[in-house]
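Enquirer: Quick one, structure for this:
(4 chains)
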2 protein chains.
Amino acid sequence: MSQTVDRALSILPLLAEGPANLEQVSVRLGVHKSTALRLLRTLHEHGMVYRQADQRYRLGARLFALAQQAAENLDVREIAHPHLVALNEACGHTVHLAVLEESEVLYIDKVESRYPVRMYSRIGKPVAITVAAVAKLLLADLPAPERRALAEKLDYPRYTPRSTPDAAAFLAELATVRAQGWATDLGGHEESINCVGAPVRGTDGHVVAAMSLSAPNVVVTADELLTLLPLVRRTADAISREYSGTAPAPSAIDPAQEA
Amino acid sequence: MSQTVDRALSILPLLAEGPANLEQVSVRLGVHKSTALRLLRTLHEHGMVYRQADQRYRLGARLFALAQQAAENLDVREIAHPHLVALNEACGHTVHLAVLEESEVLYIDKVESRYPVRMYSRIGKPVAITVAAVAKLLLADLPAPERRALAEKLDYPRYTPRSTPDAAAFLAELATVRAQGWATDLGGHEESINCVGAPVRGTDGHVVAAMSLSAPNVVVTADELLTLLPLVRRTADAISREYSGTAPAPSAIDPAQEA
DNA sequence: AATCGTGTTGCATCCTCTGCAACGCTCATT
DNA sequence: AATGAGCGTTGCAGAGGATGCAACACGATT
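Expert: You can find the predicted model right below:
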């Protein structure tokens, strides 16, 4: 819509690939050097890009700050977080929270037991939308036409032999998920990793987020993980209630007691 | 420099405060509604903002993706990470890694022992530049004129009675840090929290990053924490060597053995 | 039904962005 | 030291695009 802004914003993903100098940017944008310079300066003033010692440009720190603030403003996340922690402490496995945005599934929180690191290595990364339990939960709640349209549009990468092969299979799976109110990913993304997930619903019953528990085969079998499903569902329901305002924020959360 | 881009980028921090509708955005930008609409549309096309169900705008997913990619491009972080983890496992305390960018100190990695959560709650947040050990390390390495200019420019908030009071005290502290090659923050930011830190240096000996170990008084006293200083310095030196390419990436890292 | 609040569109005007060309700077080469 | 290449930077004039206005559309509220 706005040419100037469009060009300026196009610089960001370009720099995300790695540092670039003025000429490289101008060439890839298809504009004159001076134009690229002025755009970069404006981006620089806003802290979106950073000019390193060798004069090349990199993405800047403001980007972190913005992403962080954006994450903090997601109130589902705020509410869910203590529940996720409690669940993690109860069973020790990795817990994810995800939302749907513009046909993309996005992790917005994660609690990992053994390895407390690289939270942000996940945030923003494209989720395997055709296989992830949280993705199934979020998409299953879409209106049928949208669901179908999206399913047709997607690619179906064969991460493993158990990955969802095509749109038809995916839609069938979504129907199942929709009916049963929970979802799994049994080795569909990584051969040795299983997940079980449950939806978080808003006041009107619509799915606003989804959470899942992930564990590698070597720790628990798929069957064992499934025995945790009731706990996962109770946790998700507890979050839903608190999010909907039908339950007060509890002072202490014990997932084993969440009814 | 570029008015249009300037306005568009100004929308982002505005939305970071929380969702806003078209009118609110236009008012705060000081432009006509239609102008704001077109800017928002362009931002939307680039995934920088997201339009939620109630038509209000929020920061979008692309921002996460970009921030994440920006982080991944910081190769210091990539190299340092396993060392930070090893250090954390060795002593159990919180480990931070930070860099200096545009007169700001920015955490780019963190390993926390007890509470594996909210990594990103720190990333991008303004670091207490006048008191944090990592900030002292990074600023101490600046050329003297720059160091002085920056010190004069800063505010010196009295987080605690032990906070650095003014530019003179700060410059003195930086001189000490520069001379001894390590830094501390003993209750200067939070009364009960102490830190010790050491610099990561590039090939030319310049400080490219800084790391620190933080622990609350109730866990270890400041004196006890200081006994870990040699370990911290060895870790930082190991990172420096690997970053400079003078040491091959080790297959397994044991901080107790890092010489 | 009417009114208000909001978002959206077409259009004429003027501003701002653009590309050009010239300049300055640094670095390498002879 | 001089020359030249490579790159970033700056003034300028022209044109294209962004802007604000006003009118319209749509839904909610009374």
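Enquirer: From now on I want contacts and neighbour counts done on CA atoms only, so please keep to that.
Expert: Noted.
Enquirer: now for the helix or strand containing A:S10, which elements pack on it?
Expert: Assigned by DSSP states H and E, A:S10 belongs to helix A:3-16. Using 3 or more C-alpha pairs under 8 Å, 6 or more residues apart in numbering or on different chains; DSSP states H and E, the elements in contact with helix A:3-16 are helix A:22-29, helix A:33-45, strand A:57-59, helix B:3-16, helix B:33-45, helix B:61-72.
Enquirer: buried stuff in that helix?
Expert: Within helix A:3-16, the residues scored as buried using 16 or more other C-alpha atoms under 10 Å in any protein chain shown are A:4-9, A:11-16.
Enquirer: with the residues you listed in mind, which one is nearest to DNA strand D?
Expert: A:T4 (4.3 Å; C-alpha to the nearest atom of the strand).
Enquirer: I'd say the closest one and B:Q3 touch.
Expert: No - the criterion here is C-alpha atoms under 8 Å, and A:T4 misses it with B:Q3 at 9.3 Å.
Enquirer: check contacts around the spatially closest residue to A:D6 that is not a sequence neighbour.
Expert: The shortest distance from A:D6 to any non-neighbouring residue, by C-alpha to C-alpha, 6 or more residues apart in numbering or on different chains, is to B:T42 (6.3 Å). Shown in contact with B:T42 (C-alpha atoms under 8 Å, 6 or more residues apart in numbering or on different chains): A:1-2, A:5-6.
Enquirer: What separation do you get for B:T42 and DNA strand D?
Expert: If you measure B:T42 against DNA strand D using C-alpha to the nearest atom of the strand, to the nearest Å, the figure is 9 Å.
Enquirer: same question, A:A53
Expert: 11 Å.
Enquirer: Over to A:A128?
Expert: Distance, A:A128 to DNA strand D, using C-alpha to the nearest atom of the strand: 35 Å.
Enquirer: my guess is that residue contacts A:D185, does it?
Expert: No - counting by C-alpha under 8 Å, A:A128 stays clear of A:D185, with 10.6 Å between them.
Enquirer: quick one, which of the two is more surrounded?
Expert: A:D185 (26 against 19; other C-alpha atoms under 10 Å in any protein chain shown).
Enquirer: Let me know the helix or strand that the residue in the stretch 151-259 of chain A that DNA strand C sits nearest to is in.
Expert: The nearest approach of the stretch 151-259 of chain A to DNA strand C comes at A:V208, 21.6 Å away (C-alpha to the nearest atom of the strand). Using DSSP H and E, A:V208 sits within strand A:207-216.
Enquirer: Just the C-alpha atoms of the helix or strand following that strand, please, in PDB.
Expert: Later in the chain than strand A:207-216, the nearest helix or strand by DSSP H and E is helix A:222-226. Output in PDB follows, covering the C-alpha atoms of helix A:222-226 (Å, rounded to 0.1, in the frame of the first residue of the first chain):
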ATOM      1  CA  ALA A 222       3.200 -42.900  23.800                       C
ATOM      2  CA  ASP A 223       0.900 -44.900  25.900                       C
ATOM      3  CA  GLU A 224       2.400 -43.600  29.100                       C
ATOM      4  CA  LEU A 225       2.200 -40.100  27.800                       C
ATOM      5  CA  LEU A 226      -1.500 -40.600  27.000                       C
END
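Enquirer: And for the residue of the stretch 51-200 of chain A found nearest DNA strand C, the neighbour number?
Expert: Of all residues in the stretch 51-200 of chain A, A:D54 sits closest to DNA strand C, at 9.4 Å by C-alpha to the nearest atom of the strand. The burial count assigned to A:D54 is 8, neighbours taken as other C-alpha under 10 Å.
Enquirer: List the contacts of it.
Expert: Residues near A:D54 by C-alpha under 8 Å, 6+ apart: none.
Enquirer: Can you list the low-confidence ranges for chain A?
Expert: Counting by pLDDT under 70, chain A has low-confidence residues at A:72-73, A:113-126, A:246-259.
Enquirer: can you list the domain ranges for it.
Expert: As given by automatic domain parsing, the domain ranges for chain A are A:3-65, A:74-257.
Enquirer: For B:A140, find the nearest of those domains.
Expert: domain A:3-65 (17.8 Å; C-alpha to C-alpha).
Enquirer: The stretch 151-259 of chain A: strands as residue ranges?
Expert: A:183-186, A:193-201, A:207-216 (DSSP state E, counting those that start in this stretch).
Enquirer: okay, these, which one's buried deepest?
Expert: Among the strands of the stretch 151-259 of chain A, strand A:193-201 has the highest mean neighbour count (mean count of other C-alpha atoms under 10 Å in any protein chain shown), at a mean of 27.
Enquirer: Just give me how far stretch A:84-100 sits from the chain centre.
Expert: Counting by C-alpha atoms, centre = their mean, to the nearest Å, stretch A:84-100 is centred 14 Å from the centre of its parent chain.
Enquirer: Just the CA trace of it, in PDB.
Expert: The C-alpha coordinates for stretch A:84-100 follow below in PDB (Å, rounded to 0.1, in the frame of the first residue of the first chain):
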ATOM      1  CA  LEU A  84       2.100 -24.500  32.600                       C
ATOM      2  CA  VAL A  85       4.800 -24.300  35.200                       C
ATOM      3  CA  ALA A  86       2.700 -26.300  37.600                       C
ATOM      4  CA  LEU A  87       2.000 -29.000  35.000                       C
ATOM      5  CA  ASN A  88       5.700 -29.100  34.200                       C
ATOM      6  CA  GLU A  89       6.600 -29.600  37.800                       C
ATOM      7  CA  ALA A  90       4.000 -32.300  38.200                       C
ATOM      8  CA  CYS A  91       5.100 -34.500  35.300                       C
ATOM      9  CA  GLY A  92       8.500 -33.100  34.300                       C
ATOM     10  CA  HIS A  93       7.900 -32.900  30.600                       C
ATOM     11  CA  THR A  94       8.100 -30.000  28.100                       C
ATOM     12  CA  VAL A  95       4.900 -27.800  28.000                       C
ATOM     13  CA  HIS A  96       4.000 -25.600  25.100                       C
ATOM     14  CA  LEU A  97       1.400 -22.900  24.600                       C
ATOM     15  CA  ALA A  98       0.500 -21.700  21.100                       C
ATOM     16  CA  VAL A  99      -1.900 -19.400  19.400                       C
ATOM     17  CA  LEU A 100      -3.200 -19.100  15.800                       C
END
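Enquirer: which residues sit against that stretch?
Expert: Taking C-alpha under 8 Å, 6+ apart as the rule, stretch A:84-100 contacts A:77, A:105-113, A:134-135, A:138-139, A:208-215, A:231-232, A:235, A:253-256.
Enquirer: and it, which residues are buried?
Expert: A:84-89, A:91-100.
Enquirer: that older thread, within the sheet, what are the partner strands of the strand holding A:V208, with directions?
Expert: Partners of strand A:207-216 in the sheet, by DSSP bridges, are strand A:94-101 (antiparallel), strand A:193-201 (antiparallel).
Enquirer: Those residues of the stretch 151-259 of chain A touching chain B, which are they?
Expert: Residues of the stretch 151-259 of chain A lying near chain B by C-alpha under 8 Å from any C-alpha of the partner chain: none.
Enquirer: Tell me who's in contact with the residue in the stretch 151-259 of chain A that chain B sits nearest to.
Expert: Proximity of the stretch 151-259 of chain A to chain B (C-alpha to the nearest C-alpha) peaks at A:V208, 11.0 Å away. By C-alpha under 8 Å, 6+ apart, the contact set of A:V208 is A:99-100, A:138, A:199-202.
Enquirer: Kindly recompute the last result at 7 Å.
Expert: A:99, A:200-202 (C-alpha atoms under 7 Å, 6 or more residues apart in numbering or on different chains).
Enquirer: which of the contacts of stretch A:84-100 count as buried?
Expert: If we count by 16+ other C-alpha under 10 Å, those have these buried: A:77, A:105-113, A:134-135, A:138-139, A:208-215, A:231-232, A:235, A:253, A:255.
Enquirer: A:G202 is in contact with A:S240, isn't it?
Expert: Yes - A:G202 lies in contact with A:S240 (C-alpha atoms under 7 Å); the separation is 6.2 Å.
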